[in-house]
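In: Sharing a model prediction with you, sequence too.
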Amino acid sequence: MKKGILFLLLIIFGFQTIHSQEKFTEIEKLSVTAKIWGFLKYYHPQVAKGKFNWDEQFISILPKVKEAKSKEQLSTIYIDWIDSLGEVKKCKACNKPTNKEYFNKNFDLSWTQNSKYFNNEISSKLKFIEENRFQGKNYYVKSGSYGNIEVKNEPEYLDKEYPDSYHRLLSLSRYWNTVEYFFPYKYQTDQNWDEVLLEMIPRFTDADNAVEYHLVMLETVIKLDDSHAMFHTTTIHEKFYGKKYLPIIIRIIEGKVVITNFRDSSFAIKNDLQIGDVIETIDSENALERINRINKYVHGSNVSVKAKNYSYIFFNGFNDIVNMDIRRNDELITKNLERHDYSKDSFKPIEKKEEKFKLLKNNIGYINLGILEEKDIKPIMDNMISSKALIVDIRNYPKIHPYKLSSYFIKEERDFVKLIKPDLSYPGKYVWKRKGTVYPYKKEYYKGKVILLINEETQSSAEYSTMILQVGDNVITVGSQTSGADGNVSKIEFLGYKSFISGLGVFYPDGTETQRVGVKVDVKVKRTIKGIQEGKDEILEKAIEIINQ
């Protein structure tokens with residue numbers, strides 16, 4: 001008798017366990033639907049050809065998904081949906097051996113086999129589609145001239161500022177899936193990309209007005225941890241940040257918010273503000289606490305570049321006057337500063353005299369890569385070929401990639417980079433594109449030291465240029481962490497609003513990552529408040545010190 005009761009209890013408990021495992025939340029249902037929608041968009045032969053209004057398909061499936069009470073009901077909805085799209089024929093090309101060298105850190109379709117959400121039939125259908133995926137020219141995405149993707153044929157919407165909740169979900173799904181399949185650095189984000197989808201679904205559906213909707217789009221972009229991933233709308237700037245600001249540039253130095261420059265020279269003189277002043281409070285809010293509060297709205301691959309980008313919104317607001325406590329040496333000074341309307345006022349930036357090339361003391365040459373042109377390289381190197389050393393400043397955005405300049409620094413050809421690009425024949429996978437190589441200049445070889453100067457201003461093309469020059473025989477890189485955003489930029493979309501991502505993956509020849517960490521630094525130099533106050537270029541000074549040693 002007791003054994004019978006025990007057996008019955010085990011059966012009941014087992015049934016309850018199985019039943020509880022089939023339970024899932026509405027957010028999970030919407031998440032799975034968004035994933036299937038994106039998967040079919042890029043994998044299903046009929047969908048990828050553009051035969052359907054795919055946005056409308058997403059909107060029409062949502063009410064059915066919301067009504068589903070069990071895994072079987074949900075699977076039936078997905079099966080009927082897939083069956084309505086037409087036949088998926090066997091793909092001969094998909095199963096042929098390939099000589100492609102894959103980079104698979106971003107690839108994961110294991111969710112298609114998740115028994116919590118799908119029965120065996122739907123999982124089998126999704127697997128079959130993967131194995132017989134579309135191989136032609138996708139209607140929604142193409143490969144650009146450098147291999148990074150270009151989004152195309154995405155419908156625009158008139159009511160884009162604040163669409164209904166279903167279209168807000170569509171907006172999230174469109175953006176999330178583009179990143180899911182075509183962002184080469186997805187695996188490096190602080191927050192798992194699947195978790196981002198689960199977090200942002202209720203944020204998008206519950207956004208009560210246009211400002212909230214635009215802010216959740218912005219926060220989604222920021223979660224890419226990519227300095228290229230920028231997102232700006234008029235709604236955010238005028239209704240949330242406030243379009244009035246102060247023309248002050250700040251950095252985080254020694255754990256403090258420090259004024260490092262001004263966008264308007266007369267503003268500093270008028271208000272007795274100095275480079276090196278430490279901001280302690282702004283409108284009674286601790287400056288560092290303000291930084292922490294706005295952090296989720298500031299893009300950047302790492303802390304160093306975020307510190308640069310805080311300037312864009314740190315001072316914004318709606319009030320005409322800003323109260324600010326600053327510390328200058330040991331004195332605390334209170335300032336009442338008038339904000340300016342960036343849409344109306346025109347500022348006169350501090351004029352900075354820049355030279356392509358100049359000769360420093362002790363026969364040391366200095367090149368500003370930000371304004372150097374190809375035609376300048378040979379005359380400069382002809383004059384500098386026997387100099388003691390050459391400093392190349394890359395704390396800027398170069399006009400050129402310095403292959404020719406680097407060729408003076410090597411005796412034999414050297415690889416400086418490996419690249420990955422999205423494989424559109426197998427979305428989510430990436431192939432090693434090629435290596436980049438620098439070839440020696442046959443006529444002359446530069447024997448002196450070469451010092452590269454870098455910091456958080458060194459981003460994208462500047463980081464790539466640094467890697468080109470780093471192959472030199474006597475090259476030393478001096479400075480601080482760079483932006484950590486390399487690779488050609490791709491434009492991707494929410495509904496009616498565009499953003500950007502790093503579209504190609506950039507690595508050193510040995511596979512060392514550059515995204516987020518930045519390029520390699522041999523001698524690290526951190527700026528100091530004292531150095532800023534004294535007007536020193538501490539990175540340049542360190543370079544000269546190394547040369548003279």
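Out: Thanks, I have it.
In: can you list the weak-confidence ranges in this protein?
Out: 1-22, 342-351 (pLDDT under 70).
In: Nearest the geometric middle of it, what residue?
Out: Nearest to the geometric centre of the chain sits residue 226, at 1.9 Å (CA atoms, centre = their mean).
In: give me phi/psi at it?
Out: phi -130, psi 120 (degrees, to the nearest 10).
In: Give me the residues contacting the helix or strand harbouring residue 467.
Out: Assigning secondary structure by DSSP states H and E places residue 467 in helix 461-470. Helix 461-470 is contacted from outside by 369, 392, 394-398, 400-403, 405-406, 409, 416-417, 436, 438, 450, 452, 454, 458, 475, 477, 482-486, 506, 508, 514, 518-520, using CB atoms under 8 Å, 6 or more residues apart in numbering. For the C-beta atoms, the positions are set from N, CA and C on the backbone; glycine is no exception.
In: The helix or strand following that helix vs helix 461-470, what angle?
Out: Moving toward the C-terminus from helix 461-470, the first helix or strand encountered (DSSP H and E) is strand 475-479. Angle, strand 475-479 to helix 461-470, by axes from the mean of the first three to the mean of the last three CA atoms, to 10 degrees: 150 degrees.
In: now the residue nearest to residue 167 when sequence neighbours are not counted, what's its secondary structure?
Out: If the residues on either side of it in the chain are set aside, residue 167 comes closest to residue 495, at 6.2 Å by CB to CB, 6 or more residues apart in numbering. With DSSP: H, G, I helix; E, B strand; the rest coil as the basis, the three-state label of residue 495 is coil.
In: I'd guessed residue 495 sits against residue 169; true?
Out: No - at 10.1 Å, residue 495 and residue 169 do not qualify as touching, with contact defined as CB atoms under 8 Å.
In: Show me where the stretch 51-200 of the chain has its strands.
Out: 102-103, 141-143, 149-151 (DSSP state E, counting those that start in this stretch).
In: The stretch 301-450 of the chain too?
Out: 321-328, 331-338, 340-341, 357-360, 364-368, 389-393, 414-422, 430-438, 449-454.
In: quick one, which of those is nearest to residue 260?
Out: strand 321-328 (13.3 Å; CB to CB).
In: sorry, back to before: buried subset of the contacts of helix 461-470?
Out: 369, 392, 394-396, 398, 400-403, 405-406, 409, 416-417, 436, 438, 450, 452, 454, 458, 475, 477, 482-486, 506, 508, 514, 518-519 (16 or more other CB atoms under 10 Å).
In: so how far is the first residue of stretch 432-444 from its last?
Out: 33 Å (CA to CA, to the nearest Å).
In: One more: stretch 262-279?
Out: 14 Å.
In: picking that back up, and the residue nearest to the centre of the chain, what does it touch?
Out: Contacts of residue 226 (CB under 8 Å, 6+ apart): 183, 185, 299, 301, 485, 501, 502, 515.
In: quick check, nearest of these to residue 49?
Out: Nearest member of the contacts of residue 226 to residue 49, counting by CB to CB, is residue 183, at 23.9 Å.
In: List the contacts of the closest one.
Out: With the criterion set at CB under 8 Å, 6+ apart, residue 183 makes contact with 106, 224, 226, 501, 502.
In: Name whatever forms a beta bridge with the last one.
Out: Right, the one you point to is residue 502. Beta-bridge pairing for residue 502 (DSSP bridges): residue 489.
In: Am I right that it is in contact with residue 189?
Out: No - taking CB under 8 Å as the definition, residue 502 is not a contact partner of residue 189, at 11.9 Å.
In: Looking at the two, which is more packed in?
Out: residue 502 (25 against 17; other CB atoms under 10 Å).
In: Please tell me how far the more buried one sits from residue 485.
Out: Taking CB to CB, to the nearest Å as the measure, residue 502 falls 6 Å from residue 485.
In: give me the number of residues near residue 534?
Out: Residue 534 has 11 neighbours, counted by other CB under 10 Å.
In: excluding its backbone neighbours, what's nearest it?
Out: That would be residue 276: by CB to CB, 6+ apart, it lies 7.9 Å from residue 534.
In: how about residue 89, what does it touch?
Out: By CB under 8 Å, 6+ apart, the neighbours of residue 89 are 45, 132.
In: Check the gap between it and residue 133 for me.
Out: 11 Å.
In: list residues touching both of the two?
Out: With CB under 8 Å, 6+ apart as the test, residue 89 and residue 133 both reach residue 45.
In: which residues does the residue nearest to residue 178 when sequence neighbours are not counted contact?
Out: In space, and not counting its chain neighbours, residue 178 is closest to residue 492: 4.5 Å by CB to CB, 6+ apart. With contacts defined as CB under 8 Å, 6+ apart, residue 492 is in contact with 151, 175, 178, 179, 182, 498, 499, 500, 501.
In: If any of these are buried, give me the PyMOL selection for them.
Out: PyMOL command restricting the contacts of residue 492 to the buried ones, with burial defined by 16+ other CB under 10 Å:
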select buried, resi 151+175+178+179+182+499+500+501
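In: Mind checking which of the contacts of residue 492 land in helices?
Out: 175, 178, 179, 182 (DSSP state H).
In: Domain parsing of this structure, as residue ranges.
Out: Per automatic domain parsing, the domain ranges recorded for the chain read 244-341, 357-548.
In: who touches both of residue 502 and residue 485?
Out: With CB under 8 Å, 6+ apart, residue 502 and residue 485 have common neighbours 226, 228, 460, 515.
In: what's around the second one, how many residues?
Out: By other CB under 10 Å, the residues close to residue 228 number 24.
In: check contacts around residue 341.
Out: Residues near residue 341 by CB under 8 Å, 6+ apart: 243, 244.
In: for residue 287, same thing?
Out: Neighbours of residue 287 in contact, by CB under 8 Å, 6+ apart: 256, 257, 279, 280, 281.
In: Leaving out sequence neighbours, find the closest residue to it.
Out: Closest to residue 287 by CB to CB, 6+ apart is residue 257, at 4.1 Å.
In: and the one you found, how many residues sit next to it?
Out: So residue 257, with other CB under 10 Å, has 23 neighbours.
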